[in-house]
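Engineer: Sequence and computational prediction follow.
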Number of protein chains: 2
Amino acid sequence: MSKLPDASGKLPSEFELIARLSKGIRLSRRTILGIGDDCAIVSRPRGDTLFTIDSMVENVHFDPRWGTPEQLGARALEVNLSDIAAMGGRPTACVVNLAVRDGISARTLDGIYAGLRNAAREASTDIVGGNITRARELSITIALLGEIRRGVMRRDAARPGDQIFVTGTLGDAALGWRILAGKLKPRGDARRDRGARKYLVERFLSPQARLFAGERLAALRPAPAAIDVSDGLMQDLGHILERSGVGAEIEASRIPVSPAYRAVMGNSLVHALTGGEDYELIFCARRGHSEAELSRRLRVAVRRIGTIVRGKRLKMIGASTPTIGGWDQLRSRG
Amino acid sequence: MSKLPDASGKLPSEFELIARLSKGIRLSRRTILGIGDDCAIVSRPRGDTLFTIDSMVENVHFDPRWGTPEQLGARALEVNLSDIAAMGGRPTACVVNLAVRDGISARTLDGIYAGLRNAAREASTDIVGGNITRARELSITIALLGEIRRGVMRRDAARPGDQIFVTGTLGDAALGWRILAGKLKPRGDARRDRGARKYLVERFLSPQARLFAGERLAALRPAPAAIDVSDGLMQDLGHILERSGVGAEIEASRIPVSPAYRAVMGNSLVHALTGGEDYELIFCARRGHSEAELSRRLRVAVRRIGTIVRGKRLKMIGASTPTIGGWDQLRSRG
């Protein structure tokens, strides 16, 4: 439904949208029919299909002034790709719904589309369909398909005794967001702070879905339980625990944080534990995998942070309240 | 990304969303994993796959006061299903993104979800994923998958000599929308007007995707070119002409309108020609099909309205300007 009864006339027509979104686009042979018909046609996949939808809304998830339109477009796709990564799939095709408000220029629109195309190309994902609508705020909603290749990771697969790992570092994006929102001003050495600030902001604005790591992990036997860090370690791990009917013990001292995080937060782990938007992977694998082996295999630093246990509690070990920071405010599950 | 940094606390959590959206839901055996993980898993389809996305935004496409939440939810899915119908496919699975503003009650949300579930059940379509976000206005964005069974209808398949047909009647939904928006008050016999008003409003609020007709049409050899009427006959037929590189001659006297339309509009065809949201099918088939045969086969009244010709013009035959109404304002293509 692209009808806009009260359209101001500033919004590009469906034809223009097609031209703008598909500008210079190159599609894989999987795509039989791309943008421009009622539906796209994608060829029969090799196996079972992953299907997901996610949305990024102005002033809820982002402020358009924080980064470039290209970053915004790329980020909208990356956070979706991250859901495919968390299942261990390989993304194949996506459709994009853009809601545009007054005041968004054609140049901004083209920047968003360019960012989307760049991120899609890097992930070997075809943009096969698009829709545009007027709205009172800018939003980008993307639905994505992926292929299951050698295995699939589900939230409900964690078993007592599994070791809990995370890729990369946690809490960076939450700090980046706080810096951008003016809620956190790094203190201390000015030069070092600038570097940290830049790193943290970049981690928020330009996340990278862990597609390679996810696909490698899904090939393990049995496939680990996994989820991506969108809402924060505690909450996202909580989803695994809930779906798997298990509990967990986390060793606070093992939570991986970046030098930039440490420069800003010292020993407080509050944002590493509760900050979202990092799009790292949390996974629970049977015993027998070392950090070194997994880091090599996934081509990203992997840290073991705890163990899946019987019960329903998520227990933090070896952290005093001051170390964790706002621990009292954290929801304790179970 | 379900993170809502400034959430007011009124929005249901992801867990609640899952419970609400999937309440009483029954999924087909095609769905391996439904709502509740990073992605849904759907089993490998029989053949090539249709993929589409569409969005309905408050105050752009609808006013939530016009109908029930159930109607709103059902309508959001029907307009998406209509894109599958226009390609001749059979819908299989969808994912739903709901943007919710302050002031939308849990009861309204449940009504929307109930409407979505009802429409999905009637179309044998699984709701396999959902996402919810805060926003400044209510919107429902749905991405939908469909199977191609015996054939597929594309916009680019029209050839000179093809006959142009439409299902059902045109312009009803546009009048329904105008009545709801207070832009049109039926005149004349009060009782007859009430009946017409009710019919037209219903056509806007509760469209029915022509899935059965679409699938039957796609089995014709060669498969017709087709599109659904979302933006109005002139514009939607224009898409077929543009993609197929052809022109058309339409016989004004053959445009099918309902008795309710005639009661309100008399002989003016303006809304039948330019009004959208009817979700009927326009299709272009090789010569040799009668209206009676097609009506029987598709189980809906089918009217032949014109012919595909060489060139790029969309020509209206046998209509004076007063008959068509605002014809001067219509965009003439080519």
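Structural biologist: That came in fine, so what should we check first?
Engineer: Show me what counts as buried in stretch A:123-131.
Structural biologist: A:123, A:125-131 (16 or more other CB atoms under 10 Å in any protein chain shown). Yep, even glycine has a C-beta here, placed from its N, CA and C like the rest.
Engineer: number of nearby residues for A:Ile317?
Structural biologist: Using other CB atoms under 10 Å in any protein chain shown, A:Ile317 has 12 other residues around it.
Engineer: bridging residues for it?
Structural biologist: Each beta-bridge partner of A:Ile317 is listed here: A:Glu251, as defined by DSSP bridges.
Engineer: which ones are touching it?
Structural biologist: A:249-252, A:306 (CB atoms under 8 Å, 6 or more residues apart in numbering or on different chains).
Engineer: Please list which of the buried residues of stretch A:123-131 also come close to chain B.
Structural biologist: By CB under 8 Å from any CB of the partner chain, the members of these lying near chain B are A:128-131.
Engineer: returning to that earlier point: could you dump the contacts of A:Ile317 into TSV and include neighbour count?
Structural biologist: Below are the contacts of A:Ile317 laid out as TSV (neighbours: other CB atoms under 10 Å in any protein chain shown):
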residue	neighbour count
A:Glu249	17
A:Ile250	21
A:Glu251	16
A:Ala252	19
A:Gly306	23
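Engineer: Need the max-distance pair from the ones next to chain B among the buried residues of stretch A:123-131.
Structural biologist: Within these, two members stand farthest from each other by CB to CB: A:Val128 and A:Asn131, at 11.9 Å.
Engineer: shared neighbours of these two, which are they?
Structural biologist: Common contacts of A:Val128 and A:Asn131, defined by CB under 8 Å, 6+ apart, comprise A:Val95.
Engineer: mind saving the C-alpha coords of stretch A:284-299 as PDB?
Structural biologist: This file holds the C-alpha atoms of stretch A:284-299, laid out as PDB (Å, rounded to 0.1, in the frame of the first residue of the first chain):
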ATOM      1  CA  CYS A 284      26.600 -21.800  25.400                       C
ATOM      2  CA  ALA A 285      28.700 -24.800  24.300                       C
ATOM      3  CA  ARG A 286      29.400 -28.200  25.700                       C
ATOM      4  CA  ARG A 287      32.600 -28.400  27.700                       C
ATOM      5  CA  GLY A 288      35.800 -29.000  25.800                       C
ATOM      6  CA  HIS A 289      36.200 -25.800  23.900                       C
ATOM      7  CA  SER A 290      39.000 -23.400  24.900                       C
ATOM      8  CA  GLU A 291      39.000 -19.700  24.400                       C
ATOM      9  CA  ALA A 292      42.000 -19.900  22.200                       C
ATOM     10  CA  GLU A 293      40.500 -22.600  20.000                       C
ATOM     11  CA  LEU A 294      37.200 -20.700  19.600                       C
ATOM     12  CA  SER A 295      38.900 -17.400  19.000                       C
ATOM     13  CA  ARG A 296      40.900 -18.900  16.200                       C
ATOM     14  CA  ARG A 297      37.900 -20.700  14.700                       C
ATOM     15  CA  LEU A 298      35.600 -17.700  14.900                       C
ATOM     16  CA  ARG A 299      38.300 -15.100  14.000                       C
END
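Engineer: Measure how buried the residue in the stretch 51-200 of chain A positioned nearest to chain B is and give me the count.
Structural biologist: Closest to chain B within the stretch 51-200 of chain A is A:Ala143: 3.1 Å, counting by CB to the nearest CB. Here the count is done by other CB under 10 Å, and A:Ala143 has 30 residues near it.
Engineer: so it makes contact with B:Val95?
Structural biologist: Yes. In this structure, A:Ala143 is within contact of B:Val95 by CB atoms under 8 Å, at 5.8 Å.
Engineer: Mutual contacts of the two, please.
Structural biologist: A:51-53, B:143.
Engineer: out of the residues you listed, which is most surrounded?
Structural biologist: Result: B:Ala143 is most packed of these (other CB under 10 Å), 30 neighbours.
Engineer: can you give me the offset of the helix or strand harbouring that one from its chain's centre?
Structural biologist: Assigned by DSSP states H and E, B:Ala143 falls within strand B:139-147. Computed by CA atoms, centre = their mean, to the nearest Å, the separation of strand B:139-147 from the middle of its chain amounts to 12 Å.
Engineer: And the helices in the stretch 1-150 of chain A, which stretches?
Structural biologist: Assigned by DSSP state H, counting those that start in this stretch, the helices in the stretch 1-150 of chain A fall at A:14-21, A:69-87, A:106-122.
Engineer: which of those sits most buried?
Structural biologist: helix A:69-87 (a mean of 27; mean count of other CB atoms under 10 Å in any protein chain shown).
Engineer: what is the orientation angle of that one with strand A:139-147?
Structural biologist: Counting by axes from the mean of the first three to the mean of the last three CA atoms, to 10 degrees, helix A:69-87 points 40 degrees away from the direction of strand A:139-147.
Engineer: For A:Asn267, give its distance to chain B.
Structural biologist: As defined by CB to the nearest CB, to the nearest Å, A:Asn267 lies at a distance of 24 Å from chain B.
Engineer: so which strand or helix has that residue?
Structural biologist: With DSSP H and E as the criterion, A:Asn267 is inside neither a helix nor a strand.
Engineer: Burial check on it, number of neighbours?
Structural biologist: By the criterion of other CB under 10 Å, A:Asn267 has 13 neighbours.
Engineer: per-residue confidence for it?
Structural biologist: A:Asn267 carries a pLDDT value of 91.
Engineer: Write out the residues of the stretch 201-334 of chain A neighbouring chain B.
Structural biologist: Counting by CB under 8 Å from any CB, the stretch 201-334 of chain A comes close to chain B at A:227-228, A:230-232, A:239, A:242-243, A:276-277.
Engineer: Cross those residues against helices and list the overlap.
Structural biologist: A:239, A:242-243 (DSSP state H).
Engineer: ranking these by neighbours, who comes first?
Structural biologist: A:His239 (22 neighbours).
Engineer: so how far is B:Gly36 from that one?
Structural biologist: 9 Å (CB to CB, to the nearest Å).
Engineer: Between these two, which contacts overlap?
Structural biologist: A:Arg155.
Engineer: What about the closest residue to chain B within the stretch 151-300 of chain A, how many residues nearby?
Structural biologist: Nearest residue of the stretch 151-300 of chain A to chain B: A:Gly276, at 4.4 Å (CB to the nearest CB). Using other CB under 10 Å, A:Gly276 has 24 neighbouring residues.
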